[in-house]
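What follows is a predicted structure for the sequence shown.
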Amino acid sequence: MSKDNIDEQDRLIAEFEKDEQEAALAEFEGFLQETQGKLESSKSGLLAKLKSFPDGDFPVSLFSQYHQPYWTFQDGGRGRTVTIYFDSDLPGSGELKRSIVYHLVPSFTPFARIKAFSSTKQRAYEYRFIEEYVLKPNKLSAIPEHIAMITTPMLNQALDDAKMSGQPSHYSGLFFTLRFWLAISAHRLIPDHLRLPEQISAIDTRERHQDVLKHFEGSLQAWLPFSEQELEQLVNHALFWLEQASPRLLETANYLKESGFEQLGTVRRADRQLDLERMTDIEIDGRRVMNYSRTYGVRTKGGQAYRYYWISEYAQAVDKVRNAVFIFVALVTGLRRNEMGALKFDHVTKDEAGRYSIDVIRFKTSIDPNYNGESDSLPLPTYVGEIIENLKSLRSIHGFYRQGFIFQTAYTTTPVTHEHPDLPPKILLDLEDATGIERIHAHRFRKTIAEILIHRSERNIDVIRLLFGHHSYAMTLRYISRNPYLVRTVAVALEQSYSKEFHEIVTAVRDGGYSGPAAERLHAQISKRPDAFKGKRLKVSILVYVSHLLTAGSPVYIGRTAVGTYCVTGEEFDEDALPPCLAGRGRPEGRIFPDPSNCQIECRNAVVLAKAGTSMQESITFYETLLENGGDSVGQRAKRKILIKIDALKRHLANLHDTEATSSLRIPLLEVS
């Protein structure tokens, strides 16, 4: 392999790992904000409730009271019941756990980042690490006298023990729980006798954060896509502001321009301005979009006057439209957070055919300290181009255009001073508050669109049509092929989804017997470039291979079918050319996938590996016996099918024998890590 190729692969590996690190960091920062974010102590109220009801007979949900041995919540947004138990045998542990978990309930959490009861349950589960690593090893219980004996060295030792356990989730789980316990103790949100001693703080250091993050990456599915329900919530939220609120706001903006009010911070008139009131008082389906405020009093130069204030309400409404635009831009471009932060309205162009595109600066991984990114142009679906134009029109009055950054806020006048501006974090926080979805960040949008395209969930077909304006999977693939961000994102997601299967296939084809056209093509590639199929380079080879298929507009499918056999295909099937596993069945809905559970060994997409030899020989014996003893009970059509299967099985066995013999004569190429 040439030095240029090696350098390019090293860059791809670094970029791949950088993406994973950024995704993990975004998740980690979200978890940190759950444990010590902006304090909203008014939501707690535990001490006041315990003062009024010392026995804990007050509700924590519609189904449970504080003192009960378990709490039940109905997770309305997700439609399931969540139950948390307080059944520890350790003295005082139930009371301590209640006081901590109470503040992890969405209605009561003081830090406002926990939106779902499923997160409450997960954090409550991690309380067990306090018992496992802090209390029990030190022969302590959770009674007040023992809690008062806890020291900083004791907690640091507990964290080190959790780190050495070999379970990354233990280390991060204990750190988050201790950090949260420290926070609610310091803010005096729990009873005195349950608080950690005030002098304990040394565990929450920058060095500890970096160390926990390093292990956190190992326990986290970093590129976690939005669930179908979460995606529906995001899209519905965006559509309200883009298709219902935005047209009304555009009418308001035009009125303000035509009336001459757009440059007036305060509109002062001797008479009531009924048109102004009507145009700035917007409510849709019971949801407040914007309003005005009005006062009446003595003017500076004498006389009475009405004063109208509309700017603040309008700016906040425009920012909500901006947030909705962000959802769709994030989904269809796959840009990173800092890359979206740098987007300007001037970067969006429309050609003579009405096709939109957007110029971006792609910040790939580079060791060059002066690296300023690479310019690129990405296609934009018509719908997304139009909503960006509408946002530009809304921002084109009263100086709201600011410096022309698409995701710049209209609400404040603070200028962007960074050379490479980041995405305003308030966009993500506002969306979390509006939708109840936790830890929204750019990586999740990239993974979500990749997951939709990979698994082709027909329940999300309307989302695909809305985003891309396409009514077929093939058309969407052709769009994706022109966007290197989404090609790479889909390729990474495919590599993650199929890596285990693909690695097994590569290893078996490289070192043992194999059969099938797909396996032969793969072996030819391995023989040409053996160095590309080892260690991290194997991962890059898979990414490059999948990216090549996607760029060509080809789908990818890998499925385990039976012991030693796989289905590997890049075909786009239709009802006139079904694979053998689907022949004779009803017309499948949506994109047609093979059915690995009904794999037919004669299919050209079948990859047969050496360990399938025994079962294939048994199948041959079975079918030959069936033909020999079946007599006239086996019809001619059935007999032909059986003979085809026997022929395919024998051919595969012969191929396995030949390739195994060749493999035994050659030195193994390399090890796959």
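Good, I have the coordinates.

Contacts only, for Ile114.
Counting by Cβ atoms under 8 Å, 6 or more residues apart in numbering, Ile114 makes contact with 34, 104-106, 120, 123, 438. Quick note: C-beta positions are derived from backbone N, CA and C, even for glycine.

Out of these, which two are the most distant from each other?
Using Cβ to Cβ, the contacts of Ile114 span at most 13.7 Å, a distance reached by Val105 and Glu438.

Between these two, tell me which one has more neighbours.
Ranked by neighbour count (other Cβ atoms under 10 Å), Val105 and Glu438 place Val105 first, with 20 against 17.

Buried residues, the strand or helix carrying Leu653. List them.
Leu653 is part of helix 636-665 when elements are defined by DSSP states H and E. By neighbour count on 16 or more other Cβ atoms under 10 Å, the buried set for helix 636-665 is 642, 645-646, 648-649, 652-653, 655-656, 659-660, 663.

how about the residues you listed in a markdown table, adding distance to Leu274 and pLDDT?
As requested, those are exported to a markdown table (distance: Cβ to Cβ, whole Å; pLDDT from 0 to 100):
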| residue | distance to Leu274 | pLDDT |
| --- | --- | --- |
| Ile642 | 85 | 86 |
| Lys645 | 82 | 85 |
| Ile646 | 88 | 88 |
| Ala648 | 82 | 87 |
| Leu649 | 85 | 88 |
| His652 | 83 | 88 |
| Leu653 | 88 | 88 |
| Asn655 | 85 | 86 |
| Leu656 | 86 | 86 |
| Thr659 | 86 | 82 |
| Glu660 | 89 | 76 |
| Ser663 | 87 | 57 |
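
Just name the closest of these to Glu386, please.
Nearest to Glu386, judged by Cβ to Cβ, of the buried residues of helix 636-665 is Ala648 at 53.2 Å.

can you pull the contacts of that closest one?
Residues in contact with Ala648 (Cβ under 8 Å, 6+ apart) are 601-602.

What of Phe117?
The contact partners of Phe117, taken as Cβ under 8 Å, 6+ apart, are 73, 75, 82, 105-106.

Where is pLDDT lowest across the residues you listed?
Taking those together, the minimum pLDDT is found at Asp75 (71).

May I ask which of the contacts of Phe117 has the most neighbours?
Counting by other Cβ under 10 Å, top hit in the contacts of Phe117: Phe73 with 23 neighbours.

That one contacts Arg80, doesn't it?
No - taking contacts as Cβ atoms under 8 Å, Phe73 lies outside contact range of Arg80: 9.7 Å.

list residues touching both of those two?
With Cβ under 8 Å, 6+ apart, Phe73 and Arg80 have no common neighbours.

what's the next secondary structure element after the host helix or strand of Lys447?
Element membership for Lys447, per DSSP H and E: helix 442-455. Once the chain leaves helix 442-455, the next helix or strand it forms, by DSSP H and E, is helix 461-468.

And that next one, what's buried?
Buried residues in helix 461-468, counted by 16+ other Cβ under 10 Å: 461, 463-464, 466-468.

ok, now stretch 407-420?
Residues 407-411, 416 are the ones in stretch 407-420 that count as buried (16+ other Cβ under 10 Å).

Tell me where the stretch 51-200 of the chain has helices.
Ranges of helices within the stretch 51-200 of the chain are 93-102, 117-125, 128-129, 144-147, 152-163, 168-186, based on DSSP state H, counting those that start in this stretch.

Give me the below-cutoff pLDDT ranges for the stretch 151-300 of the chain.
201-202, 216-223, 298-300 (pLDDT under 70).

Kindly recompute the last result at 50.
For the stretch 151-300 of the chain, the stretches with pLDDT under 50 are 222.

And the strands in it?
Ranges of strands in the stretch 151-300 of the chain, per DSSP state E, counting those that start in this stretch, are 267-269, 282-284, 287-290, 293-298.

could those go into a markdown table alongside distance to Lys49?
Below are these laid out as a markdown table (distance: least, Cβ to Cβ, whole Å):
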| stretch | distance to Lys49 |
| --- | --- |
| strand 267-269 | 47 |
| strand 282-284 | 36 |
| strand 287-290 | 32 |
| strand 293-298 | 37 |
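
could those strands be laid out in JSON lines, adding mean neighbour count and distance to His443?
Formatted as JSON lines, the strands of the stretch 151-300 of the chain follow (neighbours: other Cβ atoms under 10 Å; distance: least, Cβ to Cβ, whole Å):
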{"stretch": "strand 267-269", "mean neighbour count": "15", "distance to His443": "44"}
{"stretch": "strand 282-284", "mean neighbour count": "15", "distance to His443": "32"}
{"stretch": "strand 287-290", "mean neighbour count": "17", "distance to His443": "30"}
{"stretch": "strand 293-298", "mean neighbour count": "11", "distance to His443": "40"}
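
just checking, what packs against the helix or strand harbouring Leu429?
Assigned by DSSP H and E, Leu429 belongs to helix 425-435. For helix 425-435, the elements it packs on are helix 228-239, helix 311-333, judged by 3 or more Cβ pairs under 8 Å, 6 or more residues apart in numbering; DSSP states H and E.

before we move on, back to that, grab the two from the buried residues of stretch 407-420 that are most spread out in space.
The most widely separated members of these, counting by Cβ to Cβ, are Tyr411 and Val416 (14.1 Å).

about what we covered before: including distance to Pro59, could the helices of the stretch 51-200 of the chain go into a markdown table?
Formatted as a markdown table, these follow (distance: least, Cβ to Cβ, whole Å):
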| stretch | distance to Pro59 |
| --- | --- |
| helix 93-102 | 12 |
| helix 117-125 | 15 |
| helix 128-129 | 25 |
| helix 144-147 | 26 |
| helix 152-163 | 33 |
| helix 168-186 | 20 |
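
what's the closest of those to Leu431?
Once the helices of the stretch 51-200 of the chain are compared by Cβ to Cβ, helix 117-125 is nearest, at 16.5 Å.

what pLDDT, on average, does that closest one get?
In this model, helix 117-125 has a mean pLDDT of 87.

That helix relative to helix 168-186, how many degrees between them?
Angular relation of helix 117-125 and helix 168-186 on a 0 to 180 degree scale: 90 degrees, by axes from the mean of the first three to the mean of the last three Cα atoms, to 10 degrees.

Tabulate the CA atom coordinates of helix 117-125 in CSV.
What follows is helix 117-125, C-alpha atoms only, in CSV (Å, rounded to 0.1, in the frame of the first residue of the first chain):
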residue,chain,number,x,y,z
PHE,A,117,-39.1,8.7,33.8
SER,A,118,-36.9,6.2,31.9
SER,A,119,-33.9,8.4,32.8
THR,A,120,-35.1,8.6,36.4
LYS,A,121,-35.2,4.8,36.5
GLN,A,122,-31.7,4.5,35.0
ARG,A,123,-30.2,7.0,37.5
ALA,A,124,-32.1,5.3,40.4
TYR,A,125,-30.5,2.0,39.3
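
what's the spacing between that helix and its chain's center?
19 Å (Cα atoms, centre = their mean, to the nearest Å).

List the buried residues in it.
Buried residues in helix 117-125, defined by neighbour count with 16+ other Cβ under 10 Å: 117-121, 123-124.

and Tyr306, what are its phi and psi?
phi -90, psi 140 (degrees, to the nearest 10).

what about it, neighbour count?
Residue neighbour count, defined by other Cβ under 10 Å, stands at 18 for Tyr306.

my read: it touches Arg294, true?
Yes - counting by Cβ under 8 Å, Tyr306 does reach Arg294; the two are 6.0 Å apart.

who's in contact with Lys426?
Thr409.

Could you tell me how far it is located from Met340?
Computed as Cβ to Cβ, to the nearest Å, the Lys426 to Met340 distance reads 14 Å.

And for Leu234?
16 Å.

With Tyr292 instead?
Distance from Tyr292 to Met340, counting by Cβ to Cβ: 32 Å.

Got the domain ranges for the chain?
The chain resolves into domains spanning 15-219, 223-471, 494-665 when parsed by automatic domain parsing.

circling back to that earlier point, ok, the buried residues of helix 117-125 vs Asp376, which is closest?
Nearest to Asp376 among the buried residues of helix 117-125, counting by Cβ to Cβ, is Ser119 at 36.9 Å.
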